[in-house]
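In: here's my sequence, what's the structure:
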Amino acid sequence: MGKIRNLRWWIIGMIFFASVLNYIDRQALSILAPTVQKELGLTNQDYAHVVNLFLVAYTISYIVSGRLVDKLGVRLSLALFIGWWSVANMLTAFSRSLGSLGAFRFLLGLGEAGNWTAAPKAVSEWFPARERGLAIGIYTLGATIGATLAPVLILALASWHSWQAAFVVTGAAGLLWLIPWFWLYRRPTEHPRITAEELAHIASDSSAEKTADAADWGGWRALFARRELWLLVIGRMLTDPVWYFFQFWFAKYLYEGRGLDQKSLSVTWVVFLAADIGALTGGWFSGRLIKRKIAPAMSRLRVMLACAALVPLAALIPLSGSLWLVLALGMVAILAHMAWLINLSALVTDLVPRRSLATVFGLVAAGSTLGGIMMNQAVGQLVSGHSYDLAFYLMVGVHPLAWTILWFGRVLRPSAITAP
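Out: Below you'll find the model as predicted:
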């Protein structure tokens, strides 16, 4: 059987496309929210409840899906997740009330979170530490490209046929993805098409700092006793609401607060383009620091510190009179946040043994959705009673606070601070 050179990059390419579909499917509702709300008779608070049902399911799935990935492996588990969420997305087209819309988005959340527990496990299996930041950046780039394409693609499908068609077509694309995935993915040591050189390259993983206490990350009791786990959960819970806000509420802010019509909301692609850039540059920068003999985990925190200084610029958005200045500030904040997220995700792969990685990643990411749920409830009430301004002002402190907690809480052991 013929060998495939650089097979690991082909595999990360498949996960990249899965992430594109993941974000197109989740963004569809926020982009079509004015139309769907009008047709189904939903208020802004109703919309917030629907988004929160998605996030509640997402949280549950993070906790369960990570353990499932560790038990079943990446190949089967990721296929199950994508098949599930694709069907759920197609069912959204049949929503006729708040109840049915909420139920179908709940099902979507149960499937979609699994993408983000299986993907880091695949990176841990296929990439040495110095390449993991870039690999995570690439599949996360799929998410931001999905968010970038979603306004144009979803609105085009809705204009071509109906808002229901946007959900059916994008869901069907996920089912087609399963065909090449089953053909391509195996673990490196089991893959018939991997070259000996690439297998040796993957085995050159130098992140020895996580092997010393691998047994302490085993069962649930041991996991919950880890200080590092709770620090990482807090880091995601504080900062990920910024990303959720731009996904679920920024287009509505432009529609309600800045007077754009629904067709003009496609301009939000520029903000998600900035997220694309942040996803790649964040992993690239920490990779460069590792090549300069700075320990992987320490490299991630250095990049995150720079990001924490830039995200607070989002607080200037309510004070800006120009739409283009609003978009520019949003671009800077989201670029910095995405670079932060890439390095926080890579930090998990640096610190956690491979056999428990998906489980830990799921628990850490559950903190993300808990923060998102609280943010959605708060924004829904603010929008109904006041304005979006306070949501932007709160972005001043979350990333600096999270970095301070990670550093002074000692998320890194001494062996993770010094170069291997």
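In: contacts, neighbours, all on C-alpha from now
Out: Will do.
In: all helices for the stretch 51-200 of the chain, in order.
Out: Shown for the stretch 51-200 of the chain, the helices assigned by DSSP state H, counting those that start in this stretch span residues 74-91, 98-112, 115-126, 129-160, 163-184, 196-202.
In: elements contacting the third one?
Out: The reference is to helix 115-126. Packing partners of helix 115-126 (3 or more C-alpha pairs under 8 Å, 6 or more residues apart in numbering; DSSP states H and E): helix 7-31, helix 44-72, helix 74-91, helix 129-160, helix 323-351, helix 357-385.
In: pLDDT on that helix, on average?
Out: For helix 115-126, the mean pLDDT works out to 91.
In: and the angle for it with helix 323-351?
Out: 50 degrees (axes from the mean of the first three to the mean of the last three C-alpha atoms, to 10 degrees).
In: list the contacts of helix 115-126.
Out: For helix 115-126, contacts defined as C-alpha atoms under 8 Å, 6 or more residues apart in numbering pick out 8, 12, 15, 18-19, 22, 62, 65-66, 69, 74, 77-78, 81-82, 132, 135-136, 139, 187-188, 202, 345, 349, 354, 357-359, 361-362.
In: just the buried ones from the residues you listed?
Out: Buried subset of those (neighbour count, 16 or more other C-alpha atoms under 10 Å): 8, 12, 15, 18-19, 22, 62, 65-66, 69, 74, 77-78, 81-82, 132, 135-136, 139, 188, 202, 345, 349, 354, 357-359, 361-362.
In: got the contact list for stretch 161-178?
Out: Taking C-alpha under 8 Å, 6+ apart as the rule, stretch 161-178 contacts 18, 21, 24-25, 28, 32, 35-36, 79, 82-83, 85-94, 154-155, 157-158.
In: pLDDT of it, averaged?
Out: 90.
In: buried stuff in that stretch?
Out: For stretch 161-178, by 16+ other C-alpha under 10 Å, it's 163-171, 174-175, 177-178.
In: for R354, give me its contacts.
Out: By C-alpha under 8 Å, 6+ apart, the contact list for R354 reads 121, 124-125.
In: swap in A79?
Out: A79 touches 178, 181-182, counting by C-alpha under 8 Å, 6+ apart.
In: I figured Y185 hits R75, correct?
Out: Yes. Taking C-alpha atoms under 8 Å as the definition, Y185 is a contact partner of R75 at 6.0 Å.
In: so what sits against both of the two?
Out: In contact with both Y185 and R75: no residue, using C-alpha under 8 Å, 6+ apart.
In: closest one to I373 among the helices of the stretch 51-200 of the chain?
Out: Among the helices of the stretch 51-200 of the chain, the nearest to I373 by C-alpha to C-alpha is helix 98-112 (12.6 Å).
In: so which elements touch the closest one?
Out: Helices and strands touching helix 98-112, by 3+ C-alpha pairs under 8 Å, 6+ apart, are helix 44-72, helix 74-91.
In: among these, which gets the worst mean confidence?
Out: helix 44-72 - the lowest mean pLDDT of the helices and strands packed on helix 98-112, at a mean of 86.
In: got a pLDDT number for L32?
Out: At L32, pLDDT is 84.
In: buried residues of stretch 375-388, list them for me.
Out: 375-376, 379-381, 383, 387-388.
In: name the nearest residue to L53, sequence neighbours excluded.
Out: F106 (5.3 Å; C-alpha to C-alpha, 6 or more residues apart in numbering).
In: want to throw the helices and strands packed on helix 98-112 into TSV with distance to F248?
Out: Output for the helices and strands packed on helix 98-112, formatted as TSV (distance: least, C-alpha to C-alpha, whole Å):
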stretch	distance to F248
helix 44-72	8
helix 74-91	16
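In: so which of the helices and strands packed on helix 115-126 gets nearest L229?
Out: Nearest to L229, of those and by C-alpha to C-alpha, is helix 357-385 at 6.9 Å.
In: so what secondary structure elements neighbour the helix or strand following that closest one?
Out: For helix 357-385, the following helix or strand on the C-terminal side (DSSP states H and E) is helix 389-393. Under the contact criterion of 3+ C-alpha pairs under 8 Å, 6+ apart, helix 389-393 touches no helix or strand at all.
In: from the chain's centroid, how far away is helix 389-393?
Out: Its chain's average C-alpha position is 22 Å from that of helix 389-393, according to C-alpha atoms, centre = their mean, to the nearest Å.
In: check which residues of it are buried.
Out: Buried-residue list, helix 389-393, by 16+ other C-alpha under 10 Å: 389, 391-393.
In: and what of stretch 52-60?
Out: So for stretch 52-60, counting by 16+ other C-alpha under 10 Å, buried means 52-60.
In: for those residues, which one is nearest A333?
Out: In terms of C-alpha to C-alpha, no member of those lies closer to A333 than L55, at 22.5 Å.
In: quickly note the distance from that closest one to A365.
Out: Here the distance between L55 and A365 works out to 11 Å (C-alpha to C-alpha, to the nearest Å).
In: residues near Y255, how many?
Out: 17 (other C-alpha atoms under 10 Å).
In: not counting its neighbours along the chain, what's nearest it?
Out: Distances taken as C-alpha to C-alpha, 6+ apart place D261 nearest to Y255, at 6.0 Å, with adjacent residues excluded.
In: residues near that neighbour, how many?
Out: Quick note: D261 (other C-alpha under 10 Å) scores 13 neighbours.
In: next one: A143
Out: Number of residues near A143 (other C-alpha under 10 Å) recorded here: 25.
In: do I have it right that it meets V20?
Out: Yes. A143 lies in contact with V20 (C-alpha under 8 Å); the separation is 4.9 Å.
In: where in the stretch 201-350 of the chain is pLDDT low?
Out: Across the stretch 201-350 of the chain, the ranges flagged by pLDDT under 70 are 205-216, 218, 262.
In: give me that answer again for 50
Out: 206-212 (pLDDT under 50).
In: distance of the closest residue to A88 other than its chain neighbours relative to K38?
Out: In this structure, A88 finds its nearest non-sequential neighbour in L108, 5.1 Å apart by C-alpha to C-alpha, 6+ apart. Going from L108 to K38 by C-alpha to C-alpha gives 22 Å.
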